[in-house]
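A structural model of the following input is requested.
(2 chains)
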Amino acid sequence: MIPDVATIWTWLDQVPDPEIPVISVVDLGIVRDVAWHGDTLEVAVTPTYSGCPATSVIAMDIETALYDRGVRNVRIRTQIAPAWTTDWLSDTGRAKLLAYGIAPPSPAGGPEACPQCGGTALTRISQFGSTPCKAHWRCDTCLEPFDYFKCI
Amino acid sequence: MTDQEALFEYLLRLGDSTLILGHRISEWCGHAPVLEEDIALANTALDLIGQTQMWLGLAAEVEGAGRSADELAMLRDVWDFRNLLLVEQPNGDFGQTMMRQCLFDAFHIELLTALSQSDDNRIAGISAKALKEVTYHLDRSSETVIGLGDGTEESHRRMQAALDLLWPYVGEMVTPDAVDTAMHAAGIAPDLTALRARFDTRIDAILTDATLVKPDSTYAQTGGKTGFRHSEHLGHLLTQMQWLQRAYPGAAW
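I've put the predicted structure just below:
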């Protein structure tokens, strides 16, 4: 029996992002479409940053996860337009990021509060952090550095 | 030159410029003055190389000769590269690297803004994606140029020297030639003359804040984007970048 698309989405929601394993690829908003074409399942994935090395790992993880559920013919389609935006990050994803110690993206262009102590006096250390999608900030209250998932 | 050939040339210009600059700044990996700058340079390099995959991927598709983006990047020699002369210039000191970056970013952001309105949807899509990344690149490079230009006597002196050295490579970016004109006529690319005015406004504001003096010369080195004459630096860069594919043809991850 061919699993329906809604079931596939729930499976994909269990595939973690390889760099930030607390959120799923669905939370991240990079799975743009799931559709059957005959007996082939096509999954459209959009990259976060053009050069993000996680992109190819994500494609492989999706294929593996679906294969493990018995889906034998999977085609990953890279969809560039419309370009990925942090607006597509789900509310669940944002909450999980915060709990993990990464400040979620904020339209103001910087984190709202320190993910450790909640302090709001913050200093940007560098616009570029440990992965392409993050910036490096420090809390002036608890003095701890933290990652900020930057808005694009 | 047919429209298809002109489009292929144009896409090589875009992809080769991001590739060569991406490689150049990756040379800093592990060598930058402080850790944060090292990470920022490597991240910028990564964005540019990611953009290269898209541009050269499309170039390969347009060429239709069965070559892949990887083959275009790793198996062409100097005379087939179409990157801007500016991006192949050596890193110099950190200030010189950041000046080169800022000059390129200020041009790149204007180019991508215009290209994201291209009549060619594939080009518009890649440009809209890249534009988001390049906005961060320019933020950082312009802040650094301003910080160092308006910094100490020594940092100011070095930034002015970097600007004087690199200025002759600016003209090539913003001066249209036959390929640029054909692409503009086809609704694919912007009018570079109009773009130059927007570039000048941006760069003038940055240089003023940086207390640097723009050289009073419009002399422009050319030959990079046409492939007519690259500087001697490109060949040396390719010996590093292409070494693995040349030594072990077809090697794969």
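
Would you pull up how far the helix or strand containing residue B:101 lies from the middle of the chain?
Element membership for residue B:101, per DSSP states H and E: helix B:94-115. Distance of helix B:94-115 from the chain centroid (C-alpha atoms, centre = their mean, to the nearest Å) equals 7 Å.

and the next element down the chain from it?
Going down the chain from helix B:94-115, the next helix or strand is helix B:121-149, by DSSP H and E.

what is the orientation angle of the helix or strand just after that next one with helix B:121-149?
Under the assignment DSSP H and E, the closest C-terminal helix or strand after helix B:121-149 is helix B:153-166. Computed by axes from the mean of the first three to the mean of the last three C-alpha atoms, to 10 degrees, the angle separating helix B:153-166 from helix B:121-149 equals 140 degrees.

Mind listing residues that contact helix B:153-166?
B:86, B:89, B:92-93, B:95-96, B:98-100, B:103, B:145, B:148-151, B:207, B:210-215 (C-beta atoms under 8 Å, 6 or more residues apart in numbering or on different chains). Every residue, glycine included, has its C-beta placed from N, CA and C.

quick one: buried residues of it?
Buried residues in helix B:153-166, counted by 16 or more other C-beta atoms under 10 Å in any protein chain shown: B:156, B:158, B:159, B:160, B:162, B:163, B:166.

And the contacts of the helix or strand following it?
The helix or strand immediately downstream of helix B:153-166 is helix B:170-174, counting by DSSP H and E. By C-beta under 8 Å, 6+ apart, the surrounding residues in contact with helix B:170-174 are B:84-86, B:103-104, B:107, B:192, B:195-196, B:199, B:218-225.

Just the buried ones from those?
Using 16+ other C-beta under 10 Å, the buried ones in those are B:84-86, B:103-104, B:107, B:192, B:195-196, B:199, B:221-222, B:224-225.

Filter these down to just the ones in helices.
B:85, B:86, B:103, B:104, B:107, B:192, B:195, B:196, B:199 (DSSP state H).

So the third one is in contact with residue B:203, correct?
It stands for residue B:103. Yes. With contacts counted by C-beta atoms under 8 Å, residue B:103 reaches residue B:203, the gap being 7.0 Å.

so what's residue 130 up against?
In the absence of a named chain, chain A is used. A:136, A:147, B:39.

ah, I was thinking of chain B
Going by C-beta under 8 Å, 6+ apart, residue B:130 touches A:50, B:47, B:51, B:54, B:112.

Does the last one touch residue B:132 like I think?
No. At 9.3 Å, residue B:112 and residue B:132 do not qualify as touching, with contact defined as C-beta under 8 Å.

The two: which has the busier surroundings?
More neighbours surround residue B:112 than the other of residue B:112 and residue B:132, with 22 against 18 (other C-beta atoms under 10 Å in any protein chain shown).

Mind telling me which residue of the stretch 151-253 of chain B is nearest chain A?
residue B:253 (9.3 Å; C-beta to the nearest C-beta).

Around chain A, pick out the residues from chain B.
B:22, B:36-37, B:39-40, B:43-51, B:53-54, B:121, B:124-126, B:128-130, B:132-133, B:136, B:139-140 (C-beta under 8 Å from any C-beta of the partner chain).

could you pull out the helices for chain A?
A:5-12, A:54-68, A:91-100.

So for residue B:182, which of the ones you listed sits nearest?
helix A:54-68 (33.5 Å; C-beta to C-beta).

Could I get the average pLDDT for that closest one?
The average pLDDT within helix A:54-68 is 93.
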